[in-house]
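**Q** coords below, sequence missing:
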Ligand code: BV8
């Protein structure tokens, strides 16, 4: 993980993404009317207590989502591709901090990426903490590839009540960035939803929300642009690459 802007004096960008950026790739969001939390209760499938109480139910929930995420027709959309292009062409560091557990940012070509809520295509052993690439279903009949324990594999994802991953690197990046972008997230889940306040407290750093509609934290952003990510993200990246940071504010509506 590169340090936040420490490698060069060019302006660095931190981008927080959420389920909305993957919606047009065919993956469900959480809080839209047709979202995951409209069909499942968090307490039943996305907490350590749920896994302890009924591991097969929790494994089944993630197995269904993993099958969806690896389906042939689920591919990066123009928003993912635009962010990979930004990372390749922007003179300073670009860090994507994603709440998403799919691999669409990687498949679009993004390299500097933190999955703060973990990764659906990895399994973690509760006996030895080993983490392994895993594209198939996880069942209690599987043995850990590292320690051989049976029935100890869980999805390598961060459940409610568990500590998100990479918070130190994220904190460093938020402290040094010249632009903070939030894309496709409702701003309901912390600590991710609090990142914009961290940047605001520094003063003088533009914060931009790119979303289908105003999020819970919409008023905290200096600029905003609303519409489908596959349209507004490539347009925003074009402006950044052609006009620099100043264009970011111009492209997005002033708050
Ligand atoms: C923790 C992984 C201790 C598994 C997920 C204050 C501080 C710290 C914690 C808390 C706090 N207050 C409350 C808490 C506890 C809790 C929390 O936030 N609860 C909420 C419900 C109030 N947080 C935790 O438990 C976290 N851990 O706190 O540890 C700690 C304490 C202090 C400091 C550090 C640590 C752990 C949270 C992680 C839980 N795991 N997922 C899985 O995926 O199943 S969270 C879950 O929600 C998803 O992962 C997702 O990433 C996340 C956020 O959802 P979004 O991505 O925003 O999706 P959503 O559907 O909500 O919104 C989609 C948006 O896209 C919408 O706005 C929509 O309009 C837009 N959209 C739709 N279509 C499009 C679009 N935009 C553009 N284009 C489109 N086409």
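**A** Great, that's in hand. This structure is a prediction, so every number in the text was calculated from the model and none was measured.

**Q** what does the stretch 1-150 of the chain have sitting close to the ligand?
**A** 18-20, 23-24, 29-32, 35, 46, 99-101, 117 (CB under 6 Å from any ligand atom). Just so you know, the C-beta spots here come from the backbone N, C-alpha and C atoms, and that holds for glycine as well.

**Q** just checking: the least confident one among these is which?
**A** By pLDDT, residue 32 ranks lowest within those, coming in at 90.

**Q** before we move on, back to that, in the residues of the stretch 1-150 of the chain next to the ligand, find the pair that's most separated.
**A** 24 and 46 (23.5 Å; CB to CB).

**Q** between the two, who's got more neighbours?
**A** Comparing residue 24 with residue 46 by other CB atoms under 10 Å, the one with more neighbours is residue 46, at 24 against 18.

**Q** check contacts around the more buried one.
**A** Residue 46 makes contacts with 40, 58, 61, 159-160, as judged by CB atoms under 8 Å, 6 or more residues apart in numbering.

**Q** what do you get if the cut-off is 10 Å, keeping everything else the same?
**A** Counting by CB atoms under 10 Å, 6 or more residues apart in numbering, residue 46 touches 30, 36-37, 40, 58, 61-62, 117, 155, 157-162.

**Q** over to residue 73?
**A** So residue 73 contacts 25-26 (CB under 10 Å, 6+ apart).

**Q** show the pLDDT at the closest residue to residue 58 other than its chain neighbours.
**A** Spatially, and ignoring its direct neighbours in sequence, residue 58 is nearest to residue 51 (4.5 Å; CB to CB, 6 or more residues apart in numbering). What the model reports as pLDDT for residue 51 is 97.

**Q** so what touches the helix or strand encompassing residue 51?
**A** Using DSSP states H and E, residue 51 maps to helix 48-53. Helix 48-53 is contacted from outside by 40-45, 47, 57-59, 61-62, 126, 154-155, 159-162, using CB under 10 Å, 6+ apart.

**Q** which of those count as buried?
**A** Among those, those scoring as buried are 40, 45, 47, 58-59, 61-62, 126, 154-155, 159 (criterion: 16 or more other CB atoms under 10 Å).

**Q** closest to residue 175 among the residues you listed?
**A** For the buried ones among the contacts of helix 48-53, the nearest to residue 175 is residue 159 (27.4 Å; CB to CB).

**Q** report the beta-bridge partners for residue 211.
**A** Listed by DSSP bridges, the beta-bridge partners for residue 211 are residue 226.

**Q** how about it, what does it touch?
**A** 18, 20-21, 182-187, 217-218, 221, 224-229, 232.

**Q** tell me the pLDDT at it?
**A** pLDDT, residue 211: 98.

**Q** same question, residue 112
**A** Taking residue 112 on its own, its pLDDT is 98.

**Q** please look at it and residue 87 and confirm they touch.
**A** Yes: at 6.0 Å, residue 112 counts as touching residue 87 under the criterion of CB atoms under 10 Å.
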